[in-house]
Structures are given as structure tokens and as C-alpha cells.
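*Asks:* what's the 3D shape of this:
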Amino acid sequence: MIGATSRGLSIAAFDHMNPGQILDFCTAYNNQVEGDDAVLEREASQEDFDRF
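*Replies:* Numbering: from 1, shown residues only. As a prediction, this is how the structure comes out:
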């Protein structure tokens, strides 16, 4: 709830949206602000496995 309101979603909107729609709103907001080019994960290398 805090994350959604900090992204501009009003408290009144929570009455009209289901949890999935709220998460979709947050995801769309993050994609717009951060851009779709943001790399969120990478494939682990052998060096990563060795360190683990």
C-alpha cells in the first residue's frame, strides 16, 4: 500500500482495484520511470558458482 501510494495511486483507487491491478500499476510505473532497458538480473557465471 505504501509503495503504491508513493507512486501516485490514491487510497480511493484501492476500493476499485484488485491486488493484481495494483501490482500491475506499480510495475508499469517502475518501467516508465526506470525504463525498460534496466537490467534486473544476469545469468550466473562459473565464477559466481565458485564463490558460492
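*Asks:* residues near Ala13, how many?
*Replies:* Counted with other C-beta atoms under 10 Å, residues neighbouring Ala13 total 14. Where you see a C-beta, it was placed from the backbone N, CA and C, and this is true even at glycine.
*Asks:* ok, residues contacting stretch 41-52?
*Replies:* With C-beta atoms under 8 Å, 6 or more residues apart in numbering as the test, stretch 41-52 has no contacts from any other residue.
*Asks:* how far does it stretch from one end to the other?
*Replies:* With C-alpha to C-alpha, to the nearest Å applied, stretch 41-52 spans 17 Å between its terminal residues.
*Asks:* buried ones in that stretch?
*Replies:* Neighbour counts over stretch 41-52 (16 or more other C-beta atoms under 10 Å) mark no residue as buried.
*Asks:* measure Arg7 to Phe49 for me?
*Replies:* Distance from Arg7 to Phe49, counting by C-beta to C-beta, to the nearest Å: 36 Å.
*Asks:* just want the most central residue of this structure.
*Replies:* Thr27 (4.1 Å; C-alpha atoms, centre = their mean).
*Asks:* for the helix or strand where that one lies, packing partners?
*Replies:* Thr27 is part of helix 19-34, with elements assigned from DSSP states H and E. Helix 19-34 sits against helix 2-6, with contacts defined as 3 or more C-beta pairs under 8 Å, 6 or more residues apart in numbering; DSSP states H and E.
*Asks:* chain center to the helix it packs on, what's the gap?
*Replies:* Distance of helix 2-6 from the chain centroid (C-alpha atoms, centre = their mean, to the nearest Å) equals 12 Å.
*Asks:* show the average pLDDT along it.
*Replies:* The average pLDDT within helix 2-6 is 88.
*Asks:* how far away is the nearest residue to Asn30 once chain neighbours are set aside from Asn31?
*Replies:* Leaving aside its sequence neighbours, Asn30 sits nearest to Arg7 (C-beta to C-beta, 6 or more residues apart in numbering; 7.9 Å). As judged by C-beta to C-beta, Arg7 and Asn31 stand 12 Å apart.
*Asks:* pick out whichever of these two has more residues nearby.
*Replies:* Each of Arg7 and Asn31 has its neighbours counted (other C-beta under 10 Å); Arg7 has more, 15 against 12.
*Asks:* okay then, goodbye and thanks.
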